[in-house]
Every structure is written in structure tokens, then in C-alpha cells.
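Make a model of this:
(4 chains)
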There are 2 protein chains.
Amino acid sequence: MKFESATIKDIAKALNLSTSTVSRALRGSFEISAETKKQVLEYAEKINYRPNPIALSLKERRTRSLGVVVSEIANNFFSQAINGIESIAYNRGYHVTISQSHESGEREKVNIQHMAARGVDGLLVSLSSESVDLSFLKELHDKGLPMVFFDRVTQEIITHTVVANNYLGSFQATEHLLQQGYRRIAHLTSSPHLSITRERLEGYKDALAKYHLPFEESLLRNCPHGGMIQDEVEDALNSLFKGKNSPDAIFTAGDRLTMTCFGLLKRLNPQRHIGFTGFTNTQVGDLFAPSLTVVRQPAFEIGQSATELLIQMIESKRPVTEFQNKVLDTELIIRESSMKMK
Amino acid sequence: MKFESATIKDIAKALNLSTSTVSRALRGSFEISAETKKQVLEYAEKINYRPNPIALSLKERRTRSLGVVVSEIANNFFSQAINGIESIAYNRGYHVTISQSHESGEREKVNIQHMAARGVDGLLVSLSSESVDLSFLKELHDKGLPMVFFDRVTQEIITHTVVANNYLGSFQATEHLLQQGYRRIAHLTSSPHLSITRERLEGYKDALAKYHLPFEESLLRNCPHGGMIQDEVEDALNSLFKGKNSPDAIFTAGDRLTMTCFGLLKRLNPQRHIGFTGFTNTQVGDLFAPSLTVVRQPAFEIGQSATELLIQMIESKRPVTEFQNKVLDTELIIRESSMKMK
DNA sequence: ATCGTTATCGGCATCGTTTGCGTAAAAAAA
DNA sequence: TTTTTTTACGCAAACGATGCCGATAACGAT
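Numbering: from 1, shown residues only, chains lettered A, B, ... in the order given. Below you'll find the predicted structure:
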């Protein structure tokens, strides 16, 4: 089953012209007579001619498409970020190819290499939680493939980055819980490799320090799959609530993690009140019971900003040497789940 | 800023061979000596040679990528369906290019034509609510571009389709509300043009008929943007609850519509109890207050099934003339929101 | 010595489009 | 009329890879 489209040759043959004349007529070159031009334009319109973007890509060595790598689409943060990416990309004439790593480093590598082999003009990357060996990305970067990291970034590759103010968002959320009177705040987070994990942990620690509380390893849990695997979260919660020194509040550091943990908390511990807040971009936090106190990231804007920087790099004549590291503020939306029961 | 990659010519030049020899050596042709083959393979590995997919696409007239058109990614149903699409596509060696129509017919047309102009080997389409003139799609279909419709389908183009059993899902949900004792069940749905709208309306009507209740126009509301525009839903709800004959239950026919309506219902009518259920693929229906009775569609499986059919069409030698119309069952998950208060 | 085989490789066209260069005919200048 | 300029177009190369055909050499058979 093949799909045939009209080419410039078909027009040339039909009108007894050369392909070069047709090509020039189509793009309105001044060295083609008005008459010929009109003829060509009319015929092209008639047979609904569309230039073959693949041939153009081969010639111009560009595809006008951007590659996006995220861990999961079915994640409020990422789907909103992708909306931001798309809104800029399409306005600037770029396509968007999306691939998911599902938090697998191997999958991420395969997807990126597949896209990079001339499939895309640039890459928007949010690393997977398994990503440790980034040498394949570094190679692509060294070869000149433009890339911008967002959300989950790396220091190993020097380029533009766009992230939320994870430190401050985490600090504010933790401080809010402390202000409410909670004193044993557990922190449920993703893989320790990730930049967001480290930054959010720092904010959490510093907020504790401000209230002269020690950081306790025993209140920290890592779920490398970020809430995608329910058992991982369930194990973490069970171990947290096993002893007698169990936490009185939980602060989660990721969209899926927040949702999964919130659900499990209701199931596993329905009787006890646990203060709760977490990073999530859900738009229905006020519909939950209890309504959810959340740290919201400017996902759409992060996507937009990263895309603008990427396109700017792609279209720059000379190699870019000055890089921006954008940090956008989060928003703490306080609802019932973090309130202290009397 | 350009990204240069090694080509077959570089290998040929370096090894003093012709490009054809290198090409054949790379794909292990038997008419190349073992020695040359080894030389080529080794050098290719050394410079990390990757065939240029664009050049291959031009030659083989295929791109090994699939185009997906949905209204919104940030929609539980679609993001899960895309996961299904991706799971099959990547296993079969296809890329996935996603575009959103945002329920705009114009945007949909532009995106599809952009992708179709040789950008993709086939299309997976869920129509936008504004889609009325499908002539551009029909043209592409007539030219031989393989396409499969899922979720929101059309009769105008004869090809494979994969949908949920919208009629039955709607019937069961409505019947459930009726069994609970509700008698004035409003139906909030999307654009009347959509197949899903019609099918779900039929199920709703037939369930009413089974209980000898008349269908009342005054209990039907269309929100063409499917819950993406809050005001649309708010207006619909306000007009429903204006008179004295206001509904005692609401049944919504779409993911975003369900979420938006559920939120508004709590805000606008906090005092009165309204029975509620709707189509949605949210994974956290049990976390809401009240927990949400939902009609869940097998989104992942729908995506998988549609993709399998599409790839089968693409790889078929001769035009496909027998088409499947798959219908997958929905699941009614009963929770508190649809319970009748005593 | 001549021919046929076989093994191994190169030349060239091709996919669709753009573009630098060349050139015929027509128009303008001499 | 001759020369120069302009107009309007064609030729061919290029992008990267493939594949049909043809070329060359070595070798055995006749």
C-alpha cells in the first residue's frame, strides 16, 4: 500500500518545462516570466501540489521537527509541558515528535538515538530516573545536535536549561507543613540521580533546619519509578509507618508519586490523619477528599521557554556559547490535606 | 548551528572504496569479500556510522513513522491511548508523531496535511469536535494514505475503526442512575457531530425508554469543547438548574467534561445532592469526594488495536479492502457519586 | 590460446527539490 | 546592422543511500 503524491516533475512534464523552472516559479523567483509563473501556480493548485518535506530535509539538512523525551505522557506536569512545547513549535513551523522513556535508561537511549540520526533538528529532554551514563547524549551534543534540558537536567552537558524553582517550592511546602505544626515530615521522592530529587531534598532539609529540626534518613524514601509502580510506593509507606516513630506528615516530590501516595495513604491509613502535600500539576486538586495542598509548577511556561531556546539555537548561524539556565517559580496552593487537625 | 553525521561516502573515501560497495558491505551482501566487509564494518563502528533515515525515506518512499491526531494530550483517555499506540509502534520499528487539534477543525486540517505530505506512513485519527468537512481527509485516503480512526470515527471514510462500546457504556451508566432512583437525569455531552456523542446519546435514550421515561431535550446540553472551556460547562449547568424542574442527576460524556463538570457541581451546588457519573479514564476516581462513579474505556487497548490495524495496512502489499470495526467494552466502576441519598 | 565462470567491485541512475551556471532568443544600445 | 544587455529558461550537481548493470581480474576448461 503506497501513497503517491504529485511532484515537481509531474508539473514540469505536464507544462513542458524543466523542473528548475517549476521550482523557481513556485517560489516566485523574479527570473521567471509572469505568464509561466501563473501557469505553474495554477497547475500546482489544481493537482494540489505539496513539496515533499523529505526531499527538502535531505537537501537543506534540516527536518523542521523537534524531538521531545519525557518519562511519561500520562503525567500532568509533562502533558502540560508538551502543550507549551507544541504551542511554540507549531507557530514557528516545527513538528513535534514525542517519545517516552518510561523511566528506563535503555529505552531513553534507543529513542534518542533513533530521533537524533537526522530525524530531528533538536532535542527537548527531561531525563529518566535511570539515566546515569549520558555519554551517548554528550556525543550527540558534541557533534552539534542542539538540545535543551527541562525539568530533569544534568550538569554534564553544557547547554540551556529550564526548570522550576524546585528548591524554593520544596522549601515553601515543607515550611508550610512545619507552620501547621507537623514535626515528623517524611519525604517521598524519586531516584537520587535526578536533579529535581536533589534540589527538592535540599529545600526540604533547609526548611527543617530553619525550624531547628534534624534531617532524619529514616524519614526519606526513594521510589525510582516516581509513582508509576504502586508496590514501590506501598513498600515505602509501609516501612515508614511500621515503627512507633512514624511520620505525622508526608511531602512527595513528583506528580505521579503524589497521586499514588495520596491514594495509598487513604487506603492504608484511613483512621490516622497524616498531613500531606506534594508536587503535582493536577487541575483537580480541590476535588479530592481531603482537597489537596500542592506545589504547582509552571509546566506550560517551562515547555514554552525551553522550546524558544531550542529553536533559537537551531536557527543560530554560529555555535551558541552563552547558555541560559532559566528558573521559574512554583506556586504553593494550600488546601485541606496539609491542615493540622486539632 | 548544524549537526553533521558520518555518511557512507566518508567510509568509501577513507577506505578507497565505492559507496555501493560500502552500502552492500554494511548490509552483509554475499558478493562482498569477507575482508572488505570486515574493514567496512569496523570503520563504520569506529566513526559510529548511522544510516541517514531521511535519505532512506526518500529512496524507499516510507518514513517508518505514524501520525497521531487527537484533540488533547492532557486528557486521561488520550494519554492512555497514546501509550497503547506507542507500545505497538516502537515494537514494530515505527516512530510516533503526535499533534493536537485542540478541538479546532482548522488546526486539525493543517496538522494532518502537514504530516501527510510524506511525513508519515499512516494516520491514527480521533476527530475534533469541529470536524465537519472531511474532504481533505477523504482526498488523502483516496490517494492511498493508510488511516485508522479510533474513538471519534466517521462513516464518510471506509477504513478500520476502533472504538469503545459507547452505546452500552452509556446505557449501563444511565440505567445504574435509574436503578438508584434518579428520574431527571441530565446528559452533558460534546459536539453533536461526533460519533461518540451520538452513540452515547442513544444509550442514554434507550436506558430511559427501558424505564418508560421520555427523553427531554431540556435535559440535554452540548459543550462542543468537551470541557476544555470552563464557561461552556458553567453556562450549561446554570441553565439546567435555573428552573424548578432541575435534574437530580448528571451523566457526562467525556473525560475533560466529567472532570470540569464534577468540579463545578461542587462549587455551584454545594448544598444539593446531585447524582453523578460520567465517561472518564482518570485513575484516581476513588480519591475524590464523593468518590467518582465512572465509565472507563479500554484506552490502552484501543490505541494498541488501532495501531496494529494501521501497521498491517501500511505493510500490506495490495490495497486492503476488508475493514474491521472493532468495539471494545467499557467498564462501569460504581462509587459514591452515583448513590442515591436517603 | 580462447572462452566461460565466478568473485568482487565500481558506475550510474534514482528518489524530489534547490541552485549555480550556462545559453538561446529577444530587446536594447551602438 | 552589429554588438551588448536583458530576459527567461534549461542543465547538471548536490543531499545520502540503494540497486541494477557492467567491468575487471583470476581461474579452470576446452
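
Next, count neighbours for residue A:270.
A total of 7 residues lie near residue A:270 under the criterion other Cβ atoms under 10 Å in any protein chain shown. (Each C-beta comes from the backbone N, C-alpha and C, glycine too.)

Name the SS class of it, please.
Using DSSP: H, G, I helix; E, B strand; the rest coil, the secondary structure recorded for residue A:270 is coil.

likewise residue A:320?
Residue A:320 - assigned by three-state DSSP - is coil.

What strand or helix carries the spatially closest residue to residue A:219 that is not a sequence neighbour?
Distances taken as Cβ to Cβ, 6 or more residues apart in numbering or on different chains place residue A:186 nearest to residue A:219, at 4.5 Å, with adjacent residues excluded. Using DSSP states H and E, residue A:186 falls within strand A:185-189.

Quick one: residues in contact with that strand.
Contact with strand A:185-189 is made by A:174, A:177-178, A:197, A:200-201, A:204, A:208, A:219-223, A:233, A:236-237, A:240, A:247-254, A:257, A:261, A:275, A:278, as judged by Cβ atoms under 8 Å, 6 or more residues apart in numbering or on different chains.

Let me see the mean pLDDT of it.
Confidence for strand A:185-189, expressed as mean pLDDT, is 97.

Direction included, what does it pair up with?
strand A:220-222 (parallel), strand A:249-252 (parallel) (DSSP bridges).

Identify the residues contacting residue A:168.
Taking Cβ under 8 Å, 6+ apart as the test, what residue A:168 contacts is A:203, A:329, A:330.

who wins for neighbours among those?
Using other Cβ under 10 Å as the neighbour criterion, residue A:203 leads the contacts of residue A:168 with 26 neighbours.

Model confidence at that residue, what's the number?
The model's pLDDT for residue A:203 equals 98.

Confirm for me that it is in contact with residue A:170.
Yes - under the criterion of Cβ atoms under 8 Å, residue A:203 makes contact with residue A:170 at 2.9 Å.

Near DNA strand D, which residues of chain A? Just list them.
Applying Cβ under 7 Å from any atom of the strand, we find that chain A lies next to DNA strand D at A:16-21, A:31-36, A:55, A:58-59, A:61.

Got a quick PyMOL command for the buried subset of the residues you listed?
The PyMOL command for the buried members of these (criterion: 16 or more other Cβ atoms under 10 Å in any protein chain shown) is given here:
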select buried, chain A and resi 17+21+32+58
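
Among the residues of chain A next to DNA strand D, which are located in strands?
Using DSSP state E, no member of the residues of chain A next to DNA strand D sits in strands.

what kind of secondary structure is residue A:277 in?
Residue A:277 ends up strand, using three-state DSSP.

can you tell me how far it sits from residue A:336?
Counting by Cβ to Cβ, to the nearest Å, the gap from residue A:277 to residue A:336 is 11 Å.

try residue A:252
Residue A:252 is 16 Å from residue A:336, by Cβ to Cβ.

on that earlier part again, go through the following helix or strand past the strand holding residue A:186 and flag the buried ones.
Note on strand A:185-189: by DSSP H and E, the next helix or strand toward the C-terminus is helix A:195-210. Of the residues in helix A:195-210, A:195, A:196, A:197, A:199, A:200, A:201, A:203, A:204, A:205, A:206, A:207, A:208 count as buried by neighbour count, 16+ other Cβ under 10 Å.

hey, what's the residue nearest to residue A:219 bridged with?
residue A:250.

Then residue A:279?
Under the criterion used (DSSP bridges), residue A:279 bridges to residue A:295.

what's in contact with stretch A:45-52?
The list of residues contacting stretch A:45-52 from outside it, by Cβ under 8 Å, 6+ apart, reads A:5-8, A:10-11, A:26, A:43, B:58, B:113, B:117-118, B:139.

circling back: so for residue A:277 and residue A:336, which residue has more residues nearby?
In this view residue A:277 and residue A:336 are compared by other Cβ under 10 Å, and residue A:277 has more residues nearby, 29 against 14.

thinking the more buried one is in contact with residue A:251, fair?
Yes - Residue A:277 lies in contact with residue A:251 (Cβ under 8 Å); the separation is 5.7 Å.

What is the neighbour count of the closest residue to chain B within chain A?
Nearest residue of chain A to chain B: residue A:289, at 2.8 Å (Cβ to the nearest Cβ). For residue A:289, the neighbour count with other Cβ under 10 Å is 15.

okay, the helix or strand in which residue A:86 is found in CSV with CA atoms only?
Using DSSP H and E, residue A:86 sits within helix A:76-91. Only the C-alpha atoms of helix A:76-91 are listed here, as CSV (Å, rounded to 0.1, in the frame of the first residue of the first chain):
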residue,chain,number,x,y,z
ASN,A,76,0.0,16.2,34.5
PHE,A,77,3.3,18.0,34.5
PHE,A,78,4.6,16.6,31.3
SER,A,79,1.3,16.8,29.3
GLN,A,80,1.1,20.4,30.2
ALA,A,81,4.7,21.0,29.4
ILE,A,82,4.2,19.3,26.0
ASN,A,83,1.3,21.7,25.4
GLY,A,84,3.7,24.5,25.9
ILE,A,85,6.3,23.0,23.6
GLU,A,86,3.7,22.4,21.0
SER,A,87,2.3,25.9,21.2
ILE,A,88,5.7,27.5,20.3
ALA,A,89,6.8,24.8,17.9
TYR,A,90,3.9,24.9,15.6
ASN,A,91,3.9,28.7,15.5
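
Just the buried residues of that helix, please?
Neighbour-count burial for helix A:76-91 [16+ other Cβ under 10 Å]: A:76-86, A:88-90.

Kindly report the same for stretch A:120-133.
For stretch A:120-133, using 16+ other Cβ under 10 Å, the buried residues are A:120, A:121, A:122, A:123, A:124, A:125, A:126, A:127, A:128, A:129, A:130, A:131.

Now the third one: closest residue in space that isn't a chain neighbour?
Translated: residue A:122. Nearest non-adjacent residue to residue A:122 (Cβ to Cβ, 6+ apart): residue A:146, at 4.0 Å.

possible to save the strands paired with strand A:185-189 as a markdown table with mean pLDDT?
Formatted as a markdown table, the strands paired with strand A:185-189 follow (pLDDT from 0 to 100):
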| stretch | mean pLDDT |
| --- | --- |
| strand A:220-222 | 97 |
| strand A:249-252 | 97 |
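
Mean neighbour count for the ones you listed - can I get that in JSON lines?
Rendered in JSON lines, the data for the strands paired with strand A:185-189 read as follows (neighbours: other Cβ atoms under 10 Å in any protein chain shown):
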{"stretch": "strand A:220-222", "mean neighbour count": "19"}
{"stretch": "strand A:249-252", "mean neighbour count": "29"}
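
so can I have JSON lines of those strands showing distance to residue A:269?
Output for these, formatted as JSON lines (distance: least, Cβ to Cβ, whole Å):
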{"stretch": "strand A:220-222", "distance to residue A:269": "15"}
{"stretch": "strand A:249-252", "distance to residue A:269": "10"}
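
In chain A, mark out all the helices, start to finish.
A:8-15, A:19-26, A:34-46, A:53-60, A:76-91, A:105-116, A:135-143, A:166-180, A:195-210, A:230-240, A:255-268, A:299-315 (DSSP state H).

now stretch A:208-223, how far from the chain's geometric center?
28 Å (Cα atoms, centre = their mean, to the nearest Å).

what does the helix holding residue A:86 contact?
Residues contacting helix A:76-91 (Cβ under 8 Å, 6+ apart): A:66, A:68, A:70-73, A:95-96, A:98, A:124, A:126, A:150-151, A:255, A:279-283, A:297, A:299-308, A:311, B:73-74, B:79, B:99-100, B:111.

Report the buried members of those.
Going by neighbour count (16+ other Cβ under 10 Å), the contacts of helix A:76-91 have A:66, A:68, A:70-73, A:95-96, A:98, A:124, A:126, A:150-151, A:255, A:279-282, A:297, A:299-308, A:311, B:73-74, B:79, B:99-100, B:111 buried.

Having no further points to raise, I will conclude here.
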